[in-house]
Each structure stands twice: as structure tokens, then as C-alpha cells.
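Novice: generate a structure from the sequence data that follows.
(one chain, ligands or ions: 1)
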Amino acid sequence: MSFFDLGLSPEIVRAVTERGYDQPTPIQKQAIPVVLAGGDIMAGAQTGTGKTASFTLPLLHRLSAHKSVPSNSQGFPPIRALILTPTRELAAQVQESVRDYGKYLNLNSMVMFGGVSIGPQKQKLRTRIDILVSTPGRLLDHVQQGTVNLSRVEVLVLDEADRMLDMGFINDIRRVLSLLPKQRQNLLFFATFSDKVKTLAAGLLNNPTMIEVARRNVTAATISQKVYHVDRERKRQLLSHLIRENKWYQVLVFSRTKHGADRLVKQLGEDRIQALAIHGNKSQGARTHALAKFKDGTLQVLVATDIAARGLDISELPHVINYDLPNVPEDYVHRIGRTGRAGAEGQAISLVCVDEHHLLADIEQLIEQRLPKEVVSGFAVNPEIKAEPIPNGRKAPSGGGNQRTRRSAPKSASQKSPRQPSSRTAAGDKKSGPSSPTPRRSGKRR
Ligand code: AMP
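Specialist: Numbering: from 1, shown residues only. Model prediction:
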């Protein structure tokens, strides 16, 4: 089946083909016809599945097939489609896709998020914007200032809705919903099904088609996963050794904390390995700069925290390194999903010290797979070193660090069994307990 067979216009098929895609991915095959027909969808799919195009392509098709209504009484041209995303990076990426896939159409799009000056956004909102991609917080800033009008939105997309809910955006989303016309199309995307997602969907969607694609990250044969056991104090040395010995480029390294990410960048610099960090305390400019350099291959190592890296589309990323294991096992799946994307080979390596054995056990239980374990020559583990509590980490179960905790086995979205959302504080990167349901309006991550 081709994109043309799905009913997309020749202009859109041309843009997609120029991007090098000839076959729709499973989620695209399922979602595109439903969206083209004007139906609501509820889709369980992670980044890496082609989900962005699954809503962008039919959205572009529908908007270009129907004429825009004229400006309203205040002179605002109507915004016809609103795409909400949890993070700035994801918003920027989605708008890039909208622009790219819509390059042969006469539609205008705009992206807006916090952390950058609001003035230019106000200016741009006075021009014709058909498709607005935004994070919830900045959108509401504009609503409060009366600089955006959402009363003519025809299509609403909530991308990574579960993540937005985990980040405490529920009240912001409700507020936005109250500003939209009742008659509209709703497209809801989530990676992990939860009670919160279920409740949101129930109040939002009209007779939705449920679409599910496999949790590809867990089973993707294109990702080779490996654990290197190493002593706590020698991780940095091992990381530099691996990068140098293997001449790795475009290495995405995950750090559990922002502070740890900064420290690692400094230490890699001392080892003459060029690295930059991306996390919630970095300015938007610094984040964009680091990501651009990493994407174009001029930056060897990008050190990221989980939230900062979520949803990043860095195509065919060859290496992902877990410098620390995440507290939340689901984050392991999200992390390694940055590699081996869209059929490309990828390598995911975890550096695990004695403190992290319980985290590793949880990950293996979640992915239902034992990871191959090795020790790198010259980095033998010292058995005398005892496990210590990880600062801000989830504690090991009593009775030793190597015990399995009693987490329930993972269930895919297709089993329609709500799972607990991963624990993450609203502030983003440091995880010290279950996520707070407190709504946030003043966070840094808009
Ligand atoms: P996403 O899940 O939207 O983050 O997309 C993951 C990656 O797959 C992106 O690099 C897309 O550009 C790419 N992609 C999207 N659709 C296709 C397709 N039909 N064939 C191959 N790659 C695709």
C-alpha cells in the first residue's frame, strides 16, 4: 500500500516521497483513513512509529481540501488546527513535520512555547496561521493576554497526552478545551495507557476509533542491547574508553539528573570528547543549539535527562548509553527508543554499577527479557564494593540490591488495562517519588 492509496493528495504524497518514505508505517495505515474521514481517534503509539505523520498528513489534506473561513470581528484569521505537545522540543519537531509535509500546500503553521520572548509570537498570531503547534502553558499565556483566538479550531491534536498529564497539564488542557468549538475533530495520542488518559479521552472524544501499534521499542530487533557491569567510580572512565576505542559519533548519553549531566559534560571535555548537555535548566537557546549540532553530526556526544530527550527525533541514532539507569523502568524503553529507529540498526548500552542492580532487575521484568551482560577488559568489577543508596534514586527493596521487586508484568495498550503512569515530578528531571497530580502553570518546561 502506498501513501497515494490511502487517499492523500498528490501534493502531500510528493512531499512524503521526497522525504524518502514510500510505505506507510502501521500506525499511518490505520490512522490516516480514519482522520481523512473526519473521525476521532485514540492512538497508542510511541515516538519512532511514524505517529507524527499519521496525524499531520491527513490533517494537512483536510485543511487544504476545505477553504478557510474569513477573519473574525477582531480581525484574527482563524486558527484551524491546534496541536498540543508536552515539550518545546516536540512542538518544534512536529511543526517541522507540518512544514515539511505541507510544503506544496497553501497552509501556514506556527510553533510557540515558553522560554522565549512572547512579543514575536504575538506579532505572528496576527497573521494567517492555519495550524498552531504549542505547549499548553504558553498557549494559555496568549489566551490570558487575548492574543490568540481558538474559537474556530476544526481539529485538535493532543500529542503524547499521557506525558502532558504526567507533567500536570490537566487543568491547562481542560481550560484549552473550554475555548474550542464543540464541533471539531479530536486526535489523541499517548505512549502509555493510564486511568488519566482514559478519563481525558472519555470527556474529549466522540465515538473514537481506537488504534494501537506494538510497543516497538521493547521488541525491536534492530536495537542491540547490552549491559556493562562497572564500578560506580569508573563509569566515566569506561564511557570515555568506549567512545574513543570504538570511534563512536552521535552518542546520546542519559543521565538521571541535570547536575549529573553537567558534570559528565565537563568530565568528557577533560577527556577531550566534545559533549553538550540538554536538560530543563538549560535555556531554550542552549537546548536548540546543542540539538542542532548533535543532529547535524558536529557534536559527538549529547548528554540528556529523560524529560529533555523525550520525543526527540534524531533519525538513525547509532548509540544510546545509559550512564545511569532510570528510576522508572518505562524510561529505559523510551531511552533506547532513540536508537534503531525506522529500521536502522542501533546500539543501547547500559553502564550498571552495584547500586543499580534492583533498577536493572525492574527493567528486565518490564521488557520481559534478560539483557546480555559483559565486563569490559580492564574494567573488572571490584566485589568488595557494596551497594549504596542512589541520591534521589528509588530505593532497593530490603534484603539486598539484587532482588526483583514485585512490579506487575507489563501490559500493552492493546490489553486495555490501565497502567500506572511513570513517576516523575512536575519539575521534570529529578525523580524522587510518584508524580504529583498538582497542576502546574509556572513550570520551566513549556
Ligand atoms: P515519529 O514516530 O513521528 O517520531 O517518527 C519516527 C521517524 O520515522 C521519523 O524520523 C519520521 O520521519 C520517520 N517516518 C515517518 N513515517 C515514515 C515512513 N512511512 N517510512 C519511514 N520512516 C518514516
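
Novice: would you map the helices across the stretch 201-350 of the chain?
Specialist: Remark: helices assigned in the stretch 201-350 of the chain by DSSP state H, counting those that start in this stretch are 216-219, 235-246, 258-270, 284-295, 306-309, 329-336.

Novice: low-scoring stretches of the stretch 301-446 of the chain, by residue?
Specialist: 310-316, 340-344, 392-446 (pLDDT under 70).

Novice: if we can go back for a sec, with distance to the ligand added, can I get the helices of the stretch 201-350 of the chain in CSV?
Specialist: Placement of C-beta: from N, CA and C, glycine included. Below are these laid out as CSV (distance: least, CB to the nearest ligand atom, whole Å):
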stretch, distance to the ligand
helix 216-219, 9
helix 235-246, 24
helix 258-270, 23
helix 284-295, 11
helix 306-309, 13
helix 329-336, 12
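
Novice: and of those, who's closest to Gln95?
Specialist: helix 284-295 (13.1 Å; CB to CB).

Novice: which elements pack onto the closest one?
Specialist: helix 88-101, strand 275-278, strand 301-304 (3 or more CB pairs under 8 Å, 6 or more residues apart in numbering; DSSP states H and E).

Novice: what is the mean pLDDT for the longest one?
Specialist: Predicted confidence along helix 88-101 averages 94 (mean pLDDT).

Novice: who are the packing partners of it?
Specialist: helix 10-18, helix 51-65, strand 81-84, strand 109-112, strand 131-134, helix 284-295.

Novice: try 10 Å
Specialist: Helix 88-101 is packed against helix 10-18, helix 51-65, strand 81-84, strand 109-112, strand 131-134, helix 284-295, helix 306-309, with contacts defined by 3 or more CB pairs under 10 Å, 6 or more residues apart in numbering; DSSP states H and E.

Novice: the third one vs the ligand: in contact?
Specialist: When you say that, I think you mean strand 81-84. No: Strand 81-84 stays clear of the ligand (CB under 6 Å from any ligand atom), getting no nearer than 12.3 Å.

Novice: who's sitting farthest from the centroid in this structure?
Specialist: Most distant residue from the mean C-alpha position of the chain: Glu384, 39.5 Å away (CA atoms, centre = their mean).

Novice: picking that back up, turn the helices and strands packed on helix 88-101 into JSON lines, including distance to Thr192 and mean neighbour count.
Specialist: Shown next, in JSON lines, are the helices and strands packed on helix 88-101 (distance: least, CB to CB, whole Å; neighbours: other CB atoms under 10 Å):
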{"stretch": "helix 10-18", "distance to Thr192": "28", "mean neighbour count": "18"}
{"stretch": "helix 51-65", "distance to Thr192": "14", "mean neighbour count": "24"}
{"stretch": "strand 81-84", "distance to Thr192": "17", "mean neighbour count": "25"}
{"stretch": "strand 109-112", "distance to Thr192": "25", "mean neighbour count": "22"}
{"stretch": "strand 131-134", "distance to Thr192": "22", "mean neighbour count": "27"}
{"stretch": "helix 284-295", "distance to Thr192": "24", "mean neighbour count": "17"}
{"stretch": "helix 306-309", "distance to Thr192": "14", "mean neighbour count": "26"}
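
Novice: in JSON lines, list these along with distance to Arg272.
Specialist: Conversion of the helices and strands packed on helix 88-101 to JSON lines gives the following (distance: least, CB to CB, whole Å):
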{"stretch": "helix 10-18", "distance to Arg272": "39"}
{"stretch": "helix 51-65", "distance to Arg272": "37"}
{"stretch": "strand 81-84", "distance to Arg272": "42"}
{"stretch": "strand 109-112", "distance to Arg272": "36"}
{"stretch": "strand 131-134", "distance to Arg272": "39"}
{"stretch": "helix 284-295", "distance to Arg272": "17"}
{"stretch": "helix 306-309", "distance to Arg272": "24"}
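
Novice: for Lys103, find the nearest of these.
Specialist: Nearest to Lys103, of the helices and strands packed on helix 88-101 and by CB to CB, is helix 10-18 at 5.4 Å.

Novice: can you name the element that comes right after that closest one?
Specialist: The helix or strand immediately downstream of helix 10-18 is helix 26-36, counting by DSSP states H and E.

Novice: from the middle of its chain, how far away would that following helix be?
Specialist: In terms of CA atoms, centre = their mean, to the nearest Å, the gap separating the centre of helix 26-36 from the centre of its chain is 21 Å.

Novice: same check on stretch 45-63?
Specialist: 15 Å.

Novice: what do you get for stretch 354-365?
Specialist: Worked out by CA atoms, centre = their mean, stretch 354-365 lies 23 Å from the chain centre.

Novice: same check on stretch 253-272?
Specialist: Its chain's C-alpha centre lies 22 Å from the corresponding centre of stretch 253-272 when counted by CA atoms, centre = their mean.

Novice: next one: Glu330 from Thr135, what distance?
Specialist: 22 Å (CB to CB, to the nearest Å).

Novice: and these two? which has more neighbours close in?
Specialist: Thr135 (27 against 23; other CB atoms under 10 Å).

Novice: show me the contacts for the closest residue to His289 other than its chain neighbours.
Specialist: Spatial nearest neighbour of His289, excluding adjacent residues (CB to CB, 6 or more residues apart in numbering): Leu276 at 7.8 Å. By CB atoms under 10 Å, 6 or more residues apart in numbering, the residues touching Leu276 are 261, 265, 268-269, 282, 286-287, 289-291, 293-294, 299-304.

Novice: ok, now with 8 Å
Specialist: By CB atoms under 8 Å, 6 or more residues apart in numbering, the contact set of Leu276 is 265, 286, 289-290, 293-294, 299, 301-303.

Novice: next: Val98.
Specialist: Counted by CB under 8 Å, 6+ apart, Val98 has contacts 56, 59-60, 83, 109, 131, 133.

Novice: go again with 7 Å.
Specialist: 56, 109, 131, 133 (CB atoms under 7 Å, 6 or more residues apart in numbering).

Novice: wait, which of those residues is closest to Val94?
Specialist: The closest of these, once distances to Val94 are taken by CB to CB, is Val133, at 5.0 Å.

Novice: pretty sure the closest one sits against Val111.
Specialist: Yes: using CB atoms under 7 Å, Val133 is in contact with Val111, at 4.6 Å.

Novice: contact partners for Val153?
Specialist: With contact set as CB under 7 Å, 6+ apart, Val153 has these partners: 79-82, 180-181, 184.

Novice: what about 10 Å?
Specialist: By CB under 10 Å, 6+ apart, the neighbours of Val153 are 78-82, 132, 176, 179-181, 184-185.

Novice: what's the overlap in contacts for Val133 and Val111?
Specialist: By CB under 10 Å, 6+ apart, the residues touching both Val133 and Val111 are 83, 85, 91-96, 98-99.
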